[in-house]
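Undergrad: Next come a sequence and a model predicted from it.
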Amino acid sequence: MKKAGPTICLIILLMGGFFIFQQKFTKYRKNLLNISPINYFIPSKVTSLVSLDFKGIVSDFLFLKVSTYLGDKVIKKESLDKNQAAFIYQAADIITDLDPWFWDAYLMADMVLAWDFKRIDLANKLLLKAKKYRTWDFKIPYYLGFNYFYFLHDNENGSKYLMEASKLPGSPKYLPALATRLSVYQNNYGPAIVFLTDLLKSTHASSSVITLQKRLKTLIILENLEKLVDKYEKLNKSLPTDLFDLVKKGFIDRIPDDPYGGKFILLPNKRVFTTSKMIDK
């Protein structure tokens, strides 16, 4: 009986220690789960080694992980942290190291990096990587051309890539003319509307479709408002003071709602802009 005392005390101490450890571990686990899942990507050299003959499956899993995360952000209308651009790029780079022909991964990264983060350099870097493998795919130089035209205002490279795309199998017959159209539309929303309309025809991932449709709807509103501003100027020989003048003069019933939650405003150069910058709040 005398020996039972120390044993019981030891058991109590061990149980107390385990309880404290469990509490700390639970708190640590909760904090870990709250951190963005995009942060957890093993370098491609290691991933490729441990994937053995299952690189395609691992690539699909990682792509699902990232697209689910981004889709959840869209559904919850949460904005992306600008610092996450590097993680999006890293994720897409690793995924396409495992499967260099994985078009959906290239497309997802291009859309997010170019439109949401304005990191055209990273988007184009991945597209150039895709170009090395998907040599038959007109979509690669097509998207490169658009990025140069619309985001970088580089007509020379934009035309070069669009013409390159027009020579590849399956490319739309309008591509040679599109280079000219985009050049003409350089200073308005026309090229983005043309591009996104065509892109939606070949996009199947639900999260991407929701994002693209929302963006396209906003661009169409912006373009229509600018056309009304031009019409107002021609009829009244002066620019409207603001967009509410279009309502007062009967050009429209009301100012449309911005799908992103911002407000449409008229700039001094006649351009119509949205305070949301087409970024979810």
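TA: Thanks, I have the structure now.
Undergrad: What segments of this protein are helices?
TA: Taking DSSP state H, the helices of the chain run over residues 4-34, 44-51, 55-76, 85-98, 103-111, 120-133, 139-146, 155-166, 175-184, 190-201, 206-236, 244-248.
Undergrad: In terms of mean pLDDT, which of those ranks lowest?
TA: When the helices of the chain are compared by mean pLDDT, helix 44-51 comes last with a mean of 48.
Undergrad: List the buried residues in stretch 253-260.
TA: Buried residues in stretch 253-260, counted by 16 or more other C-beta atoms under 10 Å: 255-256, 258-260. The C-beta positions use only the backbone N, C-alpha and C, and glycine is treated the same way.
Undergrad: Could you do stretch 128-146 as well?
TA: Going by neighbour count (16+ other C-beta under 10 Å), the buried part of stretch 128-146 is 129-131, 133-134, 137-146.
Undergrad: ok, now stretch 156-174?
TA: 158-162, 164-166, 168, 171.
Undergrad: Next, give me the two most distant ones among these.
TA: Spanning the widest gap among the buried residues of stretch 156-174 are Gly158 and Leu168, at 16.5 Å by C-beta to C-beta.
Undergrad: before we move on, the earlier item: right, and out of the buried residues of stretch 128-146, which lies closest to Ile193?
TA: Nearest to Ile193, judged by C-beta to C-beta, of the buried residues of stretch 128-146 is Phe146 at 11.7 Å.
Undergrad: what about that closest one, distance to Leu168?
TA: Distance check for Phe146 against Leu168: by C-beta to C-beta, to the nearest Å, it reads 15 Å.
Undergrad: that older thread, need the worst-confidence member of the buried residues of stretch 253-260.
TA: Tyr260 (88).
Undergrad: Check the gap between Lys234 and Lys201 for me.
TA: For Lys234, the distance to Lys201 equals 35 Å [C-beta to C-beta].
Undergrad: for Tyr260, same thing?
TA: For Tyr260, the distance to Lys201 - C-beta to C-beta - is 23 Å.
Undergrad: now do Gly261
TA: Distance from Gly261 to Lys201, by C-beta to C-beta: 27 Å.
Undergrad: out of these two, which sits in the more crowded spot?
TA: For Gly261 versus Lys201, neighbours defined as other C-beta atoms under 10 Å are more numerous around Gly261 (13 against 7).
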